[in-house]
Every structure is written in structure tokens, then in C-alpha cells.
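Student: Sequence and predicted structure, then a few things I'm wondering about:
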Amino acid sequence: MTATLDPQALAADPAVNAFVMANAGSGKTTTLVSRVARLLLGGSRPDAVLCLTFTKAAAAEMQRRLYERLGKWAVAPNASLRAELGKLEQRDPAGYSAAELSRARTDIEAEAIRSRARDRVAERSLADDPGLSEAYATMAGKLDFQAFEAMFVRFEEKRAAIADWVTADGGPATLVHRIAQRVGVQTLEDPEAIERAAVSAPALDIDNWFAAAGAAANGNEKTDRPLGLKLQAVAEAVRAGAAPVQAVKAIFFTDGGDGGPRKTLATKAVHPATVEWLAGEQERLFDAVSRARACRVGWDTLHALTLAGAYAFEYEAAKTARGALDFADLISAALKLLSDQETGAAWVLFKLDGGVDHILVDEAQDTSPEQWGIVRALTDEFFRGDGARQGGVERTLFVVGDEKQSIFSFQGAAPERLLYESQNYRRLIEGVNRRFEDVQLLESWRSTPEVLAFVDGVFFDADRARALSPGRGLIGDRVDARIQHRAARPDVAADEGVHDKGSGQWRAADWGDVLILVKKRGPMFEEILRALKQSGVPVAGADRLKLSEHAVFQDLLALGRAALFLNDDLTLAGVLRSPLCDLSEDDLYAMAHGRQGSLWKALRIRAETDPAARAAAVLISGFRAAARDRTPFDLYASLLNRLDERGLTIRQRLLTRLGAEAGDAIDAFLDQAQAAEMRGVLDLERFCHGLSSLTQTVKREMDEPRGEVRVMTTHSAKGLEAPIVILPDTIFEEPKGDALLETEDGGFLWCGSSKADCEASAEAREARKRRNEEESLRLLYVGLTRARDRLIVGGRFAANRKLENIRAWWGPLDEAVRALGDAVRTIEGPHGVIRRYGPDPQPHPRAAAVVGQAVTPPPWLTVVAGDEAAARVLSPSRMGGIEAQPAPSPLARSGPGGTLGRFRRGDLIHRLLERLPDIAIDDRPDVASRLLSRERDLTDDQRAEMIAAAMEVLADARFAPVFGPGSRPEVALTGRVNGAAVSGRMDRLVVTPERVLVVDYKTNRPAPERIEEADPSYVLQLAVYVSILGQIYPDRPVEAALVWTDGPRLMAVPRPLMDAALMR
């Protein structure tokens, strides 16, 4: 008798290199986790196993399952562990020794960058770049504001692919010629000139047109005679020297001249020779119009790619200036690091070569070509010569994915790629006589037979099955789209509720078992959330929050604006009605109607007699007062933790009114405040101004049910499952797509509508439509296969539409229900007919709540803890009882002929010393002059004196290390000194392998001759910096110095003097 090898066990065998093609619910991630566990059991070092996936959700799920399994092993009895390991490794459980059992136990900043890049493109278009100016003006004229902004979003999404195509085959110098070839013309001509020439003499034969007009006049009265009048009018206009382009096109083409050729130009009553001439004239004009369309698409493509190139350049410059990287940069940099020999790829791979023995890739169908490049670079030595074995360990690759769930084409993934890579690795691995297995996991461990049979019916059609697994007919054998049911999964019964995956028992359903999936976030998405909340159903809220549109964001921002501008009555009214102040409409009306003066004044008057108004006034005035000396983060964090008269914090009050999802919005708001501080935004006014243009979207983690109904898009549900899944959004219009079209060979065209298409853009548009329809079917497959026990589908359609004419998802779903025949029962529901397949749901008794044994709390539990000392972050300039001078008001200018205060002079010189070191030496005077020219109240002598002071410091050779390599200006520093939290900003920091030097600029006049004569606060300030830097760089000496601009002079600060300052 021959035993049948379990596909999961085969795939999990660490001795096999495997590509696993798996259906939904068939245990892809489980198989990967099993393989990792077996690698560890076999003695592989944990740091020699690399698991790759390119989405956070997939990585978190992989990690959770592995930790869960290893955690169970850590506390399992020997007998249970032997059974578990025997099942995993296909061994006799009794054969495990004690030693083997023991071993088994052992993303705001981005929006600012985008905005800056767009602004820079606009600025450059107004400068001396004719090509960019023409492109910007042309596209801005053709597109409305929203479409123009959306164009830059598309440029950002495709910037790498666009850059690759623009720079290929000769680069920008050949771009015009390559675009012309792509649209099918020799050169890009003026499209209007082409059409004018076609309808002007001599191309248009006036005599023939008059003759045709006369012949048509003798034809049919309803059609031919009007045609004759049009032909005559055109002939007369051309004879007069005009070029009636649209009139001529309207005669021969539909849609007023903008459509295709008319099928009938004249009736049989017109002489055949005239009809033949009309057909020939139509063909001539069609050629001209087609060439004009091609050139128009070509010019629009050139203008679009010109803007895309400028945007990509400015986007990269903005990121470089901020030291920022996005996800695409990380992938690109990793690929370059591993594959570009000029960047030392050989050395990087050599270092990795000794550390990674096994690579496992999860969700491979969502892996883009660039990400596959990383995998290939990492595994290149796995199957070559000595690299195939490392320290006696045979190195392996494991890949698991399901091409039927490839739904992230906008990230570059394609289902065909998984098959392509499988074929490549098979040839490579078998070429060195290593074992390779193409494993198929077809059995579903997730869904009931009824759900699976329905899914089978949806994709029984050959074309739909092909959409799930494109290329199967060309690469390898076709995998049947149908899903097999695993007998180990219990069937659903009428009175059994839902199956608990953890306990393996049946139980009553609760709200957390329900997952509602929509195709996109739109009106239906919001209506579902609203209806659930109004019905009192616990709901987790939206899976993505557009921060600027969330009520809690608007309330907190409005509070900041109201505190800054108390006379802004409308903003203040919004704050008073918000959960922050919780005044009713009646309260607000009584206060505002007939008031004398501002709403703030009316609030203060009413606060004398009304407790609610008093609480609101205290909150706003207290917030306004605190804003003078607190950072935005500290300000809002303190506000949210403030207790009201009911003992609730402001945060709790917001959550009570706005729901649990408001907590994520609050956290994101505070993240923005913290990020703003890191950028140096320390005042409320600049913080509020920066948030006013924010477009950040917050992704909420809803992977695990928490007793609430989850509502999300089908894309977001990838990798999730639930006992009850509802798909209410199955009737929709497929999006037509934007104007940026990708050709089959990786090129790009720009055409705003199908009516304006040339032949090349029409082909690209049709190919995109086909790809989108196939991906939409794969998205439907993902949605359907999330269900474990019950699947509910529905749709909303207009009353005047016939169901049989509705396609989208409803079409295949309806066909599948019909194909089930008599097994489907028709039931009258409260809102229409319901068709049901499978047993009827019945009420299921809930288990009695488990009452735990009473425990007497220990006495210390109710003892109120003593007050802790308030954690206060000190500034180095404010330590030791020495208060820093207040910042001068920006309105306190010296005025013409006035005296320039020493603090403002010092601030401006600081600014010059911060910015000039990175400027070329010859350009520094001009840059300094431009910087100070903005200070319009300064005299020329004052500007010259400050520039001279800064330039003298920079030109002094003694200061070269201060401004040389390894130095940075305005470096923020946070740490603890003598138990106190300290936060400050260093004027200049120099970090080299040999030492660390911190420098502070001082502009006092005259400068002291000796350090002992300097202000003690200066020494203390540097002592604090040195103390914190010593904790960061314990391996090298940390030194400090003062740069006096009067002199100039570099004055070292001795360590004993700083130590003494800290002890005081």
C-alpha cells in the first residue's frame, strides 16, 4: 500500500525548494509557519531564516501565527508536544527524545513633500524653462483643478516607471521621436494645421464639392437635400478662404464630427458616382483626422511626461532636503544595494551570504517586479557552486501565494509573475540537480461546502476562471478554479450558529463575527456605518480615516484657531457645539442672538450665571493661556487628559460622542503635533496653519474581531476571515480610469477621453479595461472566500434597471445562484425577495456567562498613591535658575534709523551661520544679502556688519573643523541630566570617528577674553549638551566650544568647568 503524501507536509519539508500555489483558505500561511518551525527543529539558526513579505498586514499575521505556535510548544506537556511534532514532521510521536522536545520550546511628512514638489514645478514653469512652461499651461488649460491635482497623484504613483521609460533609448533627446512612433506618425505635427489643410484648397476640391451638392439636391428630401446644402455651404466657405473644419467633420463623422465615420452618407436616390466620391472623400478626411488625433495624443503625452519628469525631480529634491524615504524608495534602494556593483553589492551579498540559509516568501502574488528582484539577488548564490551549501546546511527557498488573489496591480503586482518566477526557479534549481516541488494546496480548511459550491458556480465560466489564473494555459498546467472542501471542517447546520475556530465548537454568533465588505469607500460605505450606529449595533468604524475630514480633527483644530483668534465667531461657535464644550443649540442661540459685540464677549457674560458656559470659557481661556509657553503636543496632550465636572477626560468625552474610531484620529492628531515639534514648529499658530492643508489618511488595524461589526473594503480584507461575511456592494459601474495609459511594452500615453483616442491610445485603453475587469473578478473571489460559515450578497440598483442587464459582480453571482437550481429556496424578506442556499439560520442560545470566584482585593489596591513630581522638560538655557531672554516679537522692528537690539542681531547672525556653510564660498555673499534683504527694516550698514561678522567666522581657518565634513547645524537633542528631562537645540554639532564637538554661537560685544569671564549660563548650557552626548557616544571624547562672532574667536570650554557647573 502506498501512502498519499499530504501536500502541506510536502511543502513544509525543509529539504525541498517549493513554489506553492494555494487556494483561499487552504492554509498558505500555516504551511509557511510549519516550514519555519521544522527549520528551527532541524537546527537552523533563527537569524539564518529570512521570511519576506511586502505588506505590513501579511508580516504581522505571519509573525503572530509563528509566535502562537512556538508559545504553545513552550508550555505543552511532553505527550502533547510529541503528538504535535509527529504530525508536523510526519514521524512517530514516541520517537522524540527529551533533547528534541527541549529544543522545540526554546507612516504627514509625505504630504508636505508632495506639496513642496508641486509648488516647485509651478515656480519653475514661470521661470525660464520654455518646455515646462508650455506643458504646464497646456495641461492646466485642459484640466479642471481636481483633475490637475489628480494628475500629479498619478505621476507620483508611476514616477519610477515613467522615469525608466523617459530615460530609455537615448533619454529625453529622443523622447519626441519615440512618442511619435508610438502614436503611429513620423513626426509630431500641429494637429489643427493637419485638419485645416485637409479642409482647404487644394486638398479639398471645390468643384467636386459643388458637383456633389448639386447631385444631393436631387435626392431624398429628408436626408440628401440637407446634405447638399451642407456641401454647398462648405464649398462656398472654402472658396472664400475659410477652413470650416468642424462643419466638414460633421458631414462625414458622427457626434457632430468627433465620432467615427458615418455608415451612410447618401441614399440610393443620389447618383452612384456621387456616393462613391463621398466615400472617397470620407476616407481622405478620416486619414487626416486620424493623423491629427495621433499628433494631439502625442503632444499631450509629451506635455504630461514633461510635467511628470519635473515633478519627479522636485519630489526627490524635497525628500533629499528632508532626509525622507518612502516605501518605493526603500524597495528601490534595497534592490540597488543588492544588485548594483558600483554600490558595493558584492560586499553586501558577501556579508549576507554567511547569515541567511533559508528564505521564505509569503503572499507572493502581491510581490512586484522590483520586490522579486530583491528575492533573486538574495537567492542568487543559493543554487550556485559552493554557495549552495553554507556550513554544511543546504540552502532553500520557499514561496507561497495564490494568483487568484492578485489584486494589487496598482503596486506593480501581476498574477502572471508568480507563474513566471516559478518556471525560472524550477529551471535554476533542477539545473544544479536540486529538488524542486510545485505544490498545489486545493483543500479549503476555512469555508463550508455551501460557500465553496457557490464560489465554484461563480467561476465555473471559462472566461472567469481564466481571469483568476491568467497564463495557466501557457505556463504549466491550468489549476482548476474550483475549491475542494476539507472533511475536517465541520458543516454548518440549521441550529448550530457559527463555528468557533479556536475551540472547534459551535456557538451563538455575536457582532464580532460579522464582516461587511464593499468594493470602495463611497456613499454606500458611509451609509452602512451610519445605519449600524443609528441601530445601536457595535461597529468598529471605518478602516481608513481621512484625518482632515474627521470630526475630532476638525474640533481640535478649531479649538486652536479659536484660541488664536477669539473674535472669529464662526469658529468659536463650532467649538462650543463640539464635544469639547458640549453646549446645546439652544444654549448657543440664547447666547449669540441679539448679542452686543463678539461671541467670546457674550460667552464670558453668560459664564457668570450658566455653569456650562463657565466651563467652556474656562477651557478655552486656559487653553489660550497655556499656548503661550507650551508646545502643540504638550498643549493638546494636557487638554485631552483634563478632567471635567463628571470625572471624564476630554478624550473620553470625545470618544463617547464620536465613537471608538475617534481614538485613532486623536492619536494621529497627536502624532502630527509631535512630528511638527521635530520640524521645529513650536507655536500653536504655525501648527494650525500646517494642519489646514493636511490630507493624511490613517489606516486602522481591524484584523482581529473585538465584538464589533467590521466594515471595510475588500482590498483591506485580504488575509482576513469571518464566520459571517456580507457583500452589499455588488452593483456598480466600473471606473473608466484616468488619462494616463500604459502600453503593452511599458510605455505611456496621455489621452483624456475615448472620443479623443488615436489607434494606439484606444488599444492601451482597451487593454487596461480588460486587466481591470480581470482584477475585479479576482477581487470578488477574495471577498467571497473570506466567509467561513455564512455568505450574504446583495445589491442596490435603480428601479428602472432590469436585473438581467446588470453585470458588475451581480451578473456572475446571479448566474451562480440560478445554476444551483432547486437547491435554492425563495423567501419573502422585509425588503424584497431573498434566495437562500443552505440551511436556514435559527436562534442559538448564548452560553451563560462564566462567573469567576470572588477575590478579596489586597489593602494596597485602594490606597491613593502620593502625587508624583511633575515631569518637566527643561531647556538648557533655563537651567540653574537662569531664565533665557524672551523671544523678541516679530513686530518689534527697529524701524528706519532705529537701534537694532542685540538679541535680534544675534538671531540673524545665527541664521547666517546656519545656512551659509553649505553654500559654495563664492556664492555666500550673494546668498547672505538675499537672506537679510527680507528684513526690510534693517539699514544697509546693519546688514553689511552682520554679513561681515558671519563671513569672518566662516573664513577663519581655525573654525574649519566646525563647518567641515561631519558637521550639522541646528541639531535637536533630548536626554536626562541629573534626573531632569532636558530638550534643546545645538547651534552646531561635529561628529567624527575620533571625537564629538558641540559648538554654540555667541554674538556678545565685546567678547570676553577668558572663558571664566563668560556668562555662567553659557557654560552650563554646553555642560548639559556634553553630558547627554556622552551618553550617546560613550566610545569617544565629547568636547565643547563657544564661537564668539566678535573677534572672531573659538573658545574651548574645559571639562572641569562644565562638571562644576552641573554640580551647582
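Tutor: That came through fine.

Student: Helices along the stretch 651-800 of the chain, start to end?
Tutor: Applying DSSP state H, counting those that start in this stretch to the stretch 651-800 of the chain gives helices spanning 661-678, 684-691, 759-784.

Student: Could you work out which of these reaches nearest to Val455?
Tutor: With Cβ to Cβ as the criterion, Val455 lies closest to helix 759-784 of those, at 5.0 Å. Yep, even glycine has a C-beta here, placed from its N, CA and C like the rest.

Student: to the chain's geometric centre, what's the distance from that closest one?
Tutor: Offset of helix 759-784 from its chain centre (Cα atoms, centre = their mean, to the nearest Å): 22 Å.

Student: who touches Asp987 in this structure?
Tutor: By Cβ atoms under 8 Å, 6 or more residues apart in numbering, the contact set of Asp987 is 910, 913-914, 969-970, 999-1001, 1043.

Student: got the helices of the stretch 651-800 of the chain as JSON lines, with mean pLDDT and distance to Ala462 columns?
Tutor: Conversion of these to JSON lines gives the following (pLDDT from 0 to 100; distance: least, Cβ to Cβ, whole Å):
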{"stretch": "helix 661-678", "mean pLDDT": "80", "distance to Ala462": "43"}
{"stretch": "helix 684-691", "mean pLDDT": "82", "distance to Ala462": "53"}
{"stretch": "helix 759-784", "mean pLDDT": "89", "distance to Ala462": "12"}
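
Student: sorry, back to before: which of the contacts of Asp987 sits closest to Trp209?
Tutor: Checking the contacts of Asp987 against Trp209 by Cβ to Cβ gives Glu914 as the nearest, at 74.7 Å.

Student: And for that closest one, the neighbour number?
Tutor: For Glu914, the count of nearby residues is 15 (other Cβ atoms under 10 Å).

Student: Offset the numbering so it begins at 290, please.
Tutor: Yes, from this point I'll number from 290; that puts the last item at Glu1203.

Student: Is it in contact with Arg1257, as I believe?
Tutor: No: counting by Cβ atoms under 8 Å, Glu1203 does not reach Arg1257; the two are 10.1 Å apart.

Student: Helices of the stretch 690-839 of the chain, residue ranges please.
Tutor: Under DSSP H, counting those that start in this stretch, the stretch 690-839 of the chain gives helices at 704-719, 738-747, 751-757, 812-823.

Student: worst average pLDDT in the ones you listed?
Tutor: Across those, helix 751-757 has the smallest mean pLDDT, namely a mean of 78.

Student: May I have the residues that are in contact with Gly1084?
Tutor: 1017-1020, 1095, 1098-1099.

Student: if we can go back for a sec, just send the contacts of Asp1276 back as JSON lines, with secondary structure, distance to Met1001 and pLDDT too.
Tutor: Formatted as JSON lines, these follow (DSSP: H, G, I helix; E, B strand; the rest coil; distance: Cβ to Cβ, whole Å; pLDDT from 0 to 100):
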{"residue": "His1199", "secondary structure": "helix", "distance to Met1001": "50", "pLDDT": "74"}
{"residue": "Leu1202", "secondary structure": "helix", "distance to Met1001": "52", "pLDDT": "78"}
{"residue": "Glu1203", "secondary structure": "helix", "distance to Met1001": "47", "pLDDT": "76"}
{"residue": "Pro1258", "secondary structure": "strand", "distance to Met1001": "45", "pLDDT": "83"}
{"residue": "Glu1259", "secondary structure": "strand", "distance to Met1001": "43", "pLDDT": "81"}
{"residue": "Val1288", "secondary structure": "strand", "distance to Met1001": "53", "pLDDT": "87"}
{"residue": "Asp1289", "secondary structure": "strand", "distance to Met1001": "53", "pLDDT": "87"}
{"residue": "Tyr1290", "secondary structure": "strand", "distance to Met1001": "54", "pLDDT": "82"}
{"residue": "Val1332", "secondary structure": "strand", "distance to Met1001": "57", "pLDDT": "82"}
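
Student: Return the members of those residues classed as buried.
Tutor: 1199, 1202, 1258, 1288-1290, 1332 (16 or more other Cβ atoms under 10 Å).

Student: I'd like to know which of those residues is nearest to Asp513.
Tutor: Lowest distance from Asp513 to the buried ones among the contacts of Asp1276 (Cβ to Cβ) belongs to Pro1258, with 82.4 Å.

Student: what separates the residue lying closest to that closest one once chain neighbours are set aside from Phe671, distance-wise?
Tutor: In this structure, Pro1258 finds its nearest non-sequential neighbour in Glu1203, 4.3 Å apart by Cβ to Cβ, 6 or more residues apart in numbering. Counting by Cβ to Cβ, to the nearest Å, the gap from Glu1203 to Phe671 is 50 Å.

Student: same thing with Leu567?
Tutor: Counting by Cβ to Cβ - Leu567 and Phe671 are separated by 70 Å.

Student: quick one, what contacts the nearest residue to Arg1257 once chain neighbours are set aside?
Tutor: Closest residue to Arg1257 apart from its sequence neighbours, by Cβ to Cβ, 6+ apart: Leu1278 at 5.3 Å. With contact set as Cβ under 8 Å, 6+ apart, Leu1278 has these partners: 1256-1257, 1260, 1285-1288.

Student: Let me see the contact set for the nearest residue to Asp513 once chain neighbours are set aside.
Tutor: Of all residues not flanking Asp513 in the chain, Ala505 sits nearest, at 4.7 Å (Cβ to Cβ, 6+ apart). Going by Cβ under 8 Å, 6+ apart, Ala505 touches 513-514, 516-517, 520, 555, 559, 563.

Student: Among those, which one lies nearest to Asp953?
Tutor: Scanning the contacts of Ala505 for proximity to Asp953, where the rule is Cβ to Cβ, the winner is Leu516, at 66.1 Å.

Student: that older thread, quick one, which of Leu567 and Phe671 is more surrounded?
Tutor: Higher neighbour count among Leu567 and Phe671: Phe671, with 25 against 22, using other Cβ under 10 Å.

Student: hmm, back to that, which of the contacts of Ala505 sit farthest apart?
Tutor: Among the contacts of Ala505, Arg514 and Thr563 lie farthest apart (Cβ to Cβ), at 13.2 Å.
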